[in-house]
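Novice: 3D, please:
(one chain, ligands or ions: 1)
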Amino acid sequence: MADGILIIGGGASGLMCALQLAKSGKSVTVLEKNERVGKKLLATGNGKCNLTNVNIALGDYNTHLVKDILREFSPQRVIEEFAQLGLLTKSDSEGRVYPYSESANTVLNVLLRRLEEYGVNIVCDTLVEELTPCGGKWKAVTSKGEYVGDKIVFACGSNATSGLDSLELMRRLGHSAVPLRYAIAPLSCDGLKGANGVRAKVYASMYINGKETMGERGEFLFKDGALSGILAFRLSSALARYRDKVESCKVTIDFVPDLSQAQLSEFIYSNCNVYSPLEGILHKAIAQNIISQIPMDRSWVMSRKKADDLAKACKAFEVHILDVGSRANAQVACGGISLEELDMRTLQSKLHSGLYCIGESVDVDGLCGGCNLHWAWASAMTASKDMI
Ligand SMILES: Cc1cc2nc3c(=O)[nH]c(=O)nc-3n(C[C@H](O)[C@H](O)[C@H](O)COP(=O)(O)OP(=O)(O)OC[C@H]3O[C@@H](n4cnc5c(N)ncnc54)[C@H](O)[C@@H]3O)c2cc1C
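Specialist: Just a heads-up that it's a prediction; the model follows:
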């Protein structure tokens, strides 16, 4: 038993919150169900940890309600915060920020070192089973006994990948949660055949219920029956936000975004063999999928019509999306604690004084590219600022 501030969940948001509070002299206890804290953090960015993105914009998130938080806790602020922990970072051409070491371990290590220095009490292998307000304080009933705190921070993340859905703890306190949908995941589709493992830099437009909802350049990784890669992950977030309203979804792929259709048609007409017309332009597996969609006659000559049809198919190849990825292969869950029940300046519950909700546990999700960890840090800094 120890008074002070209790943080439920030792992930990215919980650890950052603990650090900010401890720096200002608060007594902090982190309760974590796993045998160690920061497990998901180690898996981020393919083990390299894309911790924020210098180009983050409000439109990268599912809600404009995070506007004030993003303005105060900008990518630059997060980078400076980590610099003060001794973490050197670098960014790539798309603004994604990584530790200079390109190892997520480095990020976790600098956090843990400071948490130790500031005397944060980290208690692992401890599942929080119930949260109850009692006499102006908060009680956490855990698999290993009870903890009491003056304030409590709910930082349990989501159950994307292999986590536990702890939102029930909040429901029992009267909070409502937007049902979880999974994103930053491959899109299952009726797509390309025989192109497993092939990558292509394309422009893709996504149409939901017939309406164009997103168009972006980026890279797809084709899998049997699925679109993967960063571009698919970004589209998956946009799709997940439509929730149950999706009646149809298709993605139109422009495989040659650097040429207009007329330029491509002219190139094919002037230079390409009628029997393997795309062999010098696209990966063989992709070319075969495109050609199989076009009725070709057996004549020996390349006609203007054939060149036009091929160019059109290269620039508007249609794939029908069947589903967004499952919990097991998703990097985030959209949904979570309803924002209407939180004060969006502090992330304190409007239902219970002294209860704060941060990170992925709340109904905030961002596109692939550092937005979700950025939210974890920014929300942690917001809540801790209010408690200091
Ligand atoms: C494979 C993968 C790669 C990713 N890569 C990136 C990336 O490069 N960039 C990016 O921005 N985002 C990335 N993400 C998303 C990002 O990791 C999450 O958005 C972020 O970790 C959320 O932080 P959090 O603190 O809210 O939750 P988490 O990191 O999930 O932490 C929650 C913690 O709470 C604990 N917990 C849950 N319930 C209880 C309970 N009842 N009692 C005690 N403890 C509990 C959990 O064990 C966990 O440790 C990735 C996600 C995955 C899965």
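
Novice: closest approach to the ligand from the stretch 201-350 of the chain, which residue is it?
Specialist: Checking the stretch 201-350 of the chain residue by residue against the ligand with C-beta to the nearest ligand atom singles out Gln331 as nearest, at 3.6 Å. C-beta: built from backbone N, CA, C; applies to glycine.

Novice: relative to Met206, how far out is that residue?
Specialist: Summarising the geometry, the distance separating Gln331 from Met206, computed by C-beta to C-beta, to the nearest Å, is 18 Å.

Novice: so Lys250: helix, strand or coil?
Specialist: Look at Lys250: counting by DSSP: H, G, I helix; E, B strand; the rest coil, its state is strand.

Novice: what pairs with it across the strands?
Specialist: On DSSP bridges, the residues paired with Lys250 through beta bridges are Tyr207, His320.

Novice: picking that back up, quick check: the residue of the stretch 201-350 of the chain closest to the ligand vs Ala307, distance?
Specialist: In this structure, Gln331 and Ala307 are 41 Å apart, going by C-beta to C-beta.

Novice: up against the ligand, what does the stretch 101-250 of the chain have?
Specialist: Within the stretch 101-250 of the chain, the positions adjacent to the ligand are Leu127, Val128, Ala155, Cys156, Gly157, Ala160, Thr161, Gly163, Leu164, Ser166 by C-beta under 6 Å from any ligand atom.

Novice: one more time with 8 Å
Specialist: Taking C-beta under 8 Å from any ligand atom as the test, the list of the stretch 101-250 of the chain residues beside the ligand reads 126-129, 142, 155-158, 160-161, 163-164, 166, 169, 184.

Novice: just the residues you listed now: which is nearest Tyr269?
Specialist: Nearest to Tyr269 among these is Ile184, at 41.1 Å by C-beta to C-beta.

Novice: nearest residue to that closest one in space, ignoring adjacent ones along the chain?
Specialist: Nearest residue to Ile184 in three dimensions, chain neighbours excluded: Gln331, at 3.7 Å (C-beta to C-beta, 6 or more residues apart in numbering).

Novice: can you tell me how far the one you found is from Leu187?
Specialist: For Gln331, the distance to Leu187 under the criterion C-beta to C-beta works out to 13 Å.

Novice: what's the answer for Ala307, then?
Specialist: From Ala307 over to Leu187 the distance is 31 Å, taken as C-beta to C-beta.

Novice: more crowded one of those two?
Specialist: Of the pair Ala307 and Leu187, Leu187 is the one with more neighbours under other C-beta atoms under 10 Å, namely 26 against 21.

Novice: verify the contact between the more buried one and Ser326 for me.
Specialist: No. Leu187 is beyond contact range of Ser326, at 11.6 Å (criterion: C-beta atoms under 8 Å).

Novice: right, and the ligand sits closest to which residue of the stretch 251-388 of the chain?
Specialist: Gly359 (2.3 Å).

Novice: nearest residue to that residue other than its sequence neighbours?
Specialist: Sequence neighbours aside, Ser13 is the residue nearest to Gly359 in space, at 2.9 Å (criterion: C-beta to C-beta, 6+ apart).

Novice: and the one you found, how far is that from Ser91?
Specialist: Ser13 sits 22 Å away from Ser91, taking C-beta to C-beta as the criterion.

Novice: and these two? Which one has more around it.
Specialist: Legend: neighbour count by other C-beta under 10 Å for Ser13 and Ser91, higher for Ser13 (30 against 17).

Novice: buried ones in the helix or strand harbouring Lys201?
Specialist: Per DSSP states H and E: Lys201 is located in strand 199-208. Of the residues in strand 199-208, those scored as buried under the neighbour-count criterion (16 or more other C-beta atoms under 10 Å) are Ala200, Val202, Tyr203, Ala204, Ser205, Met206, Tyr207, Ile208.

Novice: would a markdown table of those with pLDDT be doable?
Specialist: Supplementary listing: those in a markdown table, determined by pLDDT from 0 to 100:
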| residue | pLDDT |
| --- | --- |
| Ala200 | 97 |
| Val202 | 98 |
| Tyr203 | 98 |
| Ala204 | 98 |
| Ser205 | 98 |
| Met206 | 97 |
| Tyr207 | 97 |
| Ile208 | 96 |
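
Novice: now Val362. Its backbone dihedrals?
Specialist: According to degrees, to the nearest 10, the main-chain angles of Val362 amount to phi -100, psi 170.

Novice: report pLDDT for the one residue in the stretch 1-150 of the chain that gets nearest to the ligand.
Specialist: When you check the stretch 1-150 of the chain against the ligand by C-beta to the nearest ligand atom, the closest residue turns out to be Gly11, at 1.8 Å. What the model reports as pLDDT for Gly11 is 98.
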